[in-house]
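Visitor: Provided below are the primary sequence and the corresponding predicted coordinates.
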Amino acid sequence: MSQHDPQNVLDLFVIGGGINGCAIARDAVGRGLSIELAEMNDLASATSSASTKLFHGGLRYLEYWEVRLVREALIERELLLKAMPHISWPMRFVLPYHKDMRFEGDTPTSKLLSVVMPWMKGRRPAWLIRLGLFMYDHLGGRKILPATTSVNLSSGPEGAPLNDRFRKAYEYSDCWVEDSRLVALSARDAQARGATVNVRTKVIAVTQVDGIWHVTLADQETGTERVVLARMLINAAGPWVESIIQNTVRVNSAEGVRLVRGSHIVTRKLYEHDKCYLFQGEDGRVIFTIPYETDFTLIGTTDAAHDDPEIKPSCTPEEERYLLDFASNYLKQPISRDDIVWSYSGVRPLYDDGASSASAATRDYVLTLNEGAGAPVLNVFGGKITTHRKLAESAMEKIEPFFAHLGAPWTAGVPLPGGDFPVDGVAALTERLMAQYAFLTAPWAKRLVKAYGTEAFDVLGDANEVADLGQDFGATLTEREVMWLVDHEFARSAEDIVWRRSKLGLRLSADEIAALDDWLANR
């Protein structure tokens, strides 16, 4: 390969297969750039599969006066909902109120009120919550999602699981999203438009020669190495972004990342209705409890410092106890460790802005351009899953001076694979699927539609009966679906399939998961 042959030089090489890297690759290839992406593990194997799984504006960020971040996220919420109605859907959030609710002590709002209303002693007044929810309703030009309402907890089903001391609540809208499926579908779309997407491929060396990056890649499964040439690097390595800057690209930069661990627990189903709760603690922090995978409840999250990206995050006993106690303070029936069926933890790579605490560190994204190494590199810090599309557009604005042929923004409203149906069309699509494939049960059909949307028909193909779908791995996972995930969604292992492309790990036994791994290894 000649470094002087422009045919062999990519426009962009993207390091990192989380939501930021995949969104940037998708946007860039759709604007006419040549793209290659490398992820050292599976897509979304770190932060992007460990979120609270919400497209939300970040109601609590209003207390930090991050109005631009909240407004951008609220506008994006409905735009994204329309582009992926299979993996995202509206939800209602119930915020119980009582007079002892407090601020986090270091928010700008709490500091201001401590001066002008010292008698409140850090408590959140009801009028302030109503003001925040009014802004939440109106900052983003909401069209689909219903507005905030008040709820009488003494009489409505929302109050049934709660301690009797909670009489009043506010109910507002946000959206659910299947985070790791979002990443896989974004990567699929990027690939379909011409990008090269590599999983289990590590960037082991980067050098600059005559203004061109030489990127050495190592296949983590075979050990083989190859070199790729690119005009520009995108460092979207998430928790490893600082390590890439200092140890791989080796440029002088004072910019750093603040690693904050967020842990979640999944319990048995705690209540019958389909609404979420936003619980506010006496320490000022908040947690969500969210109906999850039909039969479970998701509770999270925590904010704890995490020192080393090489240490795999896990929900510590202390975090587990914190979440159990926090939720139990609101619930009629306290919950214990015996109620936990699964836990997960992720590391948020926040831009180090010198904030005094993990929860006060900015959740906004920061993009920095560095040309000190002789060829440009764009570093991506932070970001929220809700603003991934806007982050990608902002990245394109940053790199535009280097690419005269860069096309115009295009991703707003363009559906992801399988998302080409109406926001309220899940039930109708499920009925269509069951009509064509009479062997499907209703829960099975709904699971397929909520994973694959209109592509559920492609997954099942020409099957006339269950036997046509090949080996049954349990919990409605069949050989044909597994092969779709391997052939179209970059899956390699059972973990990729049962914990990231789906959450069937909650329903499969350890032996069934091991059998799937054996089958994949031997196919």
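Guide: Ah, there it is. Numbers count the residues shown, from 1 in each chain.
Visitor: can you list the weak-confidence ranges in the chain?
Guide: Counting by pLDDT under 70, the chain shows low-confidence ranges at 1-6, 60-65, 100-125, 127, 283, 353-363.
Visitor: could you pull out the helices for it?
Guide: 19-30, 67-83, 108-116, 126-138, 179-192, 241-243, 317-328, 388-399, 426-436, 442-452, 456-460, 479-488, 494-495, 510-522 (DSSP state H).
Visitor: Please identify the most buried of those helices.
Guide: Neighbour counts (mean count of other Cβ atoms under 10 Å) averaged over each of the helices of the chain peak at helix 19-30, with a mean of 29. All C-beta spots, glycine's among them, are computed from the backbone N, C-alpha and C.
Visitor: That one - contacts with which helices or strands?
Guide: Applying 3 or more Cβ pairs under 8 Å, 6 or more residues apart in numbering; DSSP states H and E, we find helix 19-30 packed against strand 9-15, strand 35-38, helix 179-192, strand 377-381, helix 388-399.
Visitor: ok, back up a step: may I see the helices of the chain arranged in JSON lines, with distance to residue 367 as well?
Guide: JSON lines is the format used below for those (distance: least, Cβ to Cβ, whole Å):
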{"stretch": "helix 19-30", "distance to residue 367": "10"}
{"stretch": "helix 67-83", "distance to residue 367": "14"}
{"stretch": "helix 108-116", "distance to residue 367": "24"}
{"stretch": "helix 126-138", "distance to residue 367": "26"}
{"stretch": "helix 179-192", "distance to residue 367": "18"}
{"stretch": "helix 241-243", "distance to residue 367": "11"}
{"stretch": "helix 317-328", "distance to residue 367": "31"}
{"stretch": "helix 388-399", "distance to residue 367": "5"}
{"stretch": "helix 426-436", "distance to residue 367": "35"}
{"stretch": "helix 442-452", "distance to residue 367": "32"}
{"stretch": "helix 456-460", "distance to residue 367": "36"}
{"stretch": "helix 479-488", "distance to residue 367": "31"}
{"stretch": "helix 494-495", "distance to residue 367": "31"}
{"stretch": "helix 510-522", "distance to residue 367": "37"}
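Visitor: looking at those, which is closest to residue 156?
Guide: helix 126-138 (17.8 Å; Cβ to Cβ).
Visitor: Outside of stretch 204-211 itself, list whatever touches it.
Guide: With Cβ atoms under 8 Å, 6 or more residues apart in numbering as the contact definition, stretch 204-211 has outside contacts at 3, 213-218, 225, 231, 233, 248-250, 373-375.
Visitor: Looking at these, which is nearest residue 91?
Guide: Among the contacts of stretch 204-211, and counting by Cβ to Cβ, the member closest to residue 91 is residue 233, at 37.9 Å.
Visitor: Compare the helices of the chain and give me the one nearest residue 44.
Guide: Closest of the helices of the chain to residue 44 is helix 179-192, at 3.8 Å (criterion: Cβ to Cβ).
Visitor: now the angle from that closest one to helix 479-488?
Guide: Relative orientation of helix 179-192 versus helix 479-488 (axes from the mean of the first three to the mean of the last three Cα atoms, to 10 degrees): 60 degrees.
Visitor: what is the orientation angle of helix 179-192 with strand 9-15?
Guide: Computed with the same axes, to 10 degrees, the direction of helix 179-192 lies at 170 degrees from that of strand 9-15.
Visitor: Spatially central, which residue of this protein would that be?
Guide: residue 179 (3.8 Å; Cα atoms, centre = their mean).
Visitor: Could you tell me which residues make contact with that one?
Guide: Shown in contact with residue 179 (Cβ under 8 Å, 6+ apart): 19, 44, 48, 49, 50, 51, 53, 385.
Visitor: Give the buried subset of the contacts of stretch 204-211 as a ChimeraX selection command.
Guide: Those of these that count as buried under 16 or more other Cβ atoms under 10 Å are selected in ChimeraX with:
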select :213,214,215,217,218,231,233,248,249,373,375
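Visitor: Give me the subset of the contacts of stretch 204-211 lying in strands.
Guide: Those of those mapping onto strands are 213, 214, 215, 216, 217, 218, 225, 231, 233, per DSSP state E.
Visitor: Return the closest of the residues you listed with respect to residue 455.
Guide: Using Cβ to Cβ, the ones in strands among the contacts of stretch 204-211 come closest to residue 455 at residue 217, 29.7 Å.
Visitor: residue contacts, the closest one?
Guide: Residue 217 makes contact with 38, 198, 201, 202, 203, 204, 225, 226, 227, 228, according to Cβ under 8 Å, 6+ apart.
Visitor: Format these as JSON lines; extra columns: distance to residue 335.
Guide: Shown next, in JSON lines, are those (distance: Cβ to Cβ, whole Å):
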{"residue": "38", "distance to residue 335": "42"}
{"residue": "198", "distance to residue 335": "42"}
{"residue": "201", "distance to residue 335": "42"}
{"residue": "202", "distance to residue 335": "40"}
{"residue": "203", "distance to residue 335": "43"}
{"residue": "204", "distance to residue 335": "45"}
{"residue": "225", "distance to residue 335": "50"}
{"residue": "226", "distance to residue 335": "51"}
{"residue": "227", "distance to residue 335": "53"}
{"residue": "228", "distance to residue 335": "50"}
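Visitor: Among the residues you listed, which one sits closest to residue 462?
Guide: Among those, and counting by Cβ to Cβ, the member closest to residue 462 is residue 198, at 31.4 Å.
Visitor: What residues are bridge-paired with the residue nearest to the closest one when sequence neighbours are not counted?
Guide: Leaving aside its sequence neighbours, residue 198 sits nearest to residue 38 (Cβ to Cβ, 6 or more residues apart in numbering; 4.7 Å). Beta-bridge partners for residue 38, by DSSP bridges, are residue 15, residue 198.
Visitor: any idea how far residue 406 is from residue 38?
Guide: 22 Å (Cβ to Cβ, to the nearest Å).
Visitor: Neighbour count: the two, which is higher?
Guide: The neighbour comparison of residue 38 against residue 406 (other Cβ atoms under 10 Å) goes to residue 38, with 24 against 16.
Visitor: who touches the more buried one in this structure?
Guide: 13, 14, 15, 17, 198, 201, 202, 203, 215, 217.
Visitor: try 10 Å this time
Guide: 13-17, 21, 196-203, 215, 217-219, 228, 237 (Cβ atoms under 10 Å, 6 or more residues apart in numbering).
Visitor: same check, this time on residue 503
Guide: Per Cβ under 10 Å, 6+ apart, neighbours of residue 503: 178, 180, 181, 266, 292, 293, 296, 342, 447, 451.
Visitor: circling back to that earlier point, can you tell me which of the helices and strands packed on helix 19-30 is nearest to residue 169?
Guide: helix 179-192 (26.9 Å).
Visitor: Appreciated, that's everything.
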